[in-house]
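Colleague: Here is a sequence with its predicted model. Questions after.
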Amino acid sequence: MSDSEEESQDRQLKFVVIGDGASGKTSLATRFAQEAFGKQYKQTIGLDFFLKRITLPGNLNVTLQVWDIGGQSLGGKMLDKYVYGAHGVLLVYDITNYQSFENLEDWFGMLKKANEESQVQPLVCLVGNKIDLEHMRTVKSDKHQRFCQENGLISQFVSAKTGDSVFLCFQRVAAEILGVKLNKAEMEQSQMIVKAELVNYPQDEGPISQDTAQRSKICSIQ
Ligand SMILES: Nc1nc2c(ncn2[C@@H]2O[C@H](COP(=O)(O)OP(=O)(O)OP(=O)(O)O)[C@@H](O)[C@H]2O)c(=O)[nH]1
């Protein structure tokens, strides 16, 4: 069988990523689809698309079509058309920004309304992003859990910056939609790659040779 024939058998799933501006939706999509992260904030106007093929247990190939929707779209005319017919939705907020959590009600309300007449009801995952900034958290984890329970959502905490649990998040939603069970080992395997950046040493701890300083900026633990 040729490659293109094989690909044509892939399941295609539409994922939309919604939530307040600057909560990290583009970063999440970019981390997932391109394994990259940019510190610079560039507002998404309208929407962006990403495609990524993943393999679920049982050798099931799935192509995820990720629609990254600009946070300023809430209240805009096009938003219900963007989210219509989605199989999976990542409802994203920033754990260090309480307002982004409060606004989830509006995002979720819009989502329900937009899909009222759709035959496919999307599976929704509540995504608390920026867990690398745990020390700056303003949204307590029990608030997050309560929102999930009240609305029947999957729950996930991630960091688009470090990559922590980003792949897992997309994988869990895709698996749930397709009725595929992930075992503990599979979940753990896709959970994290920790990249620890070294902080500059204080001046009075003695000189570090230029060579050493350059070689040891990032430490990866897998
Ligand atoms: N520390 C940290 N910063 C993050 C993380 N994710 C995103 N950011 C930063 O947060 C800012 C906003 O990220 P974006 O991904 O552009 O946010 P967005 O939700 O797509 O924003 P809109 O396009 O306005 O909807 C950027 O400066 C990112 O670098 C994260 O996990 N940790």
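Modeller: Received the coordinates, thanks. Numbers count the residues shown, from 1 in each chain.
Colleague: Identify the residue spatially nearest to the residue nearest in space to the middle of the chain, adjacent ones excluded.
Modeller: The centroid of the chain falls nearest to L28 when counting by CA atoms, centre = their mean (4.2 Å). Distances taken as CB to CB, 6 or more residues apart in numbering place A160 nearest to L28, at 4.5 Å, with adjacent residues excluded. For every residue, glycine as well, the C-beta is placed using N, CA and C.
Colleague: ok, so what distance separates that neighbour from G71?
Modeller: 14 Å (CB to CB, to the nearest Å).
Colleague: Show me which of these two is the more surrounded one.
Modeller: Counted by other CB atoms under 10 Å, A160 and G71 do not tie: A160 has more neighbours, with 26 against 20.
Colleague: wait, the residue nearest to L28 sits on V166?
Modeller: Yes: using CB atoms under 8 Å, A160 is in contact with V166, at 6.1 Å.
Colleague: quick one on the thing from earlier: might you report the residue contacts of the residue nearest to the centre of the chain?
Modeller: 17, 90, 92, 127, 129, 158, 160, 166, 169 (CB atoms under 8 Å, 6 or more residues apart in numbering).
Colleague: can you check A86 too?
Modeller: 14-16, 67, 115, 120, 122.
Colleague: Which element, helix or strand, includes Y93?
Modeller: strand 88-94 (DSSP states H and E).
Colleague: anything in the next helix or strand after that strand near the ligand?
Modeller: Next along the chain after strand 88-94, taking DSSP H and E as the criterion, comes helix 98-102. No: Helix 98-102 is not in contact with the ligand by CB under 6 Å from any ligand atom; minimum separation 8.8 Å.
Colleague: Please tell me how far the residue nearest to the centre of the chain sits from the ligand.
Modeller: 7 Å (CB to the nearest ligand atom, to the nearest Å).
Colleague: Can you give me the buried ones in the helix or strand that residue falls within?
Modeller: Assigned by DSSP H and E, L28 falls within helix 25-34. Buried positions in helix 25-34, judged by neighbour count with 16 or more other CB atoms under 10 Å: 25-33.
Colleague: can you list those residues in CSV and add pLDDT?
Modeller: CSV is the format used below for these (pLDDT from 0 to 100):
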residue, pLDDT
K25, 97
T26, 96
S27, 97
L28, 97
A29, 96
T30, 96
R31, 96
F32, 96
A33, 94
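Colleague: Closest one of those to Y82?
Modeller: K25 (12.3 Å; CB to CB).
Colleague: SS state for the residue nearest to T30 when sequence neighbours are not counted?
Modeller: Distances taken as CB to CB, 6+ apart place A36 nearest to T30, at 5.5 Å, with adjacent residues excluded. Under DSSP: H, G, I helix; E, B strand; the rest coil, A36 falls in the coil class.
Colleague: and A36, how many neighbours?
Modeller: Neighbour tally, A36, other CB under 10 Å: 10.
Colleague: pretty sure it contacts A29?
Modeller: No: counting by CB under 8 Å, A36 stays clear of A29, with 10.5 Å between them.
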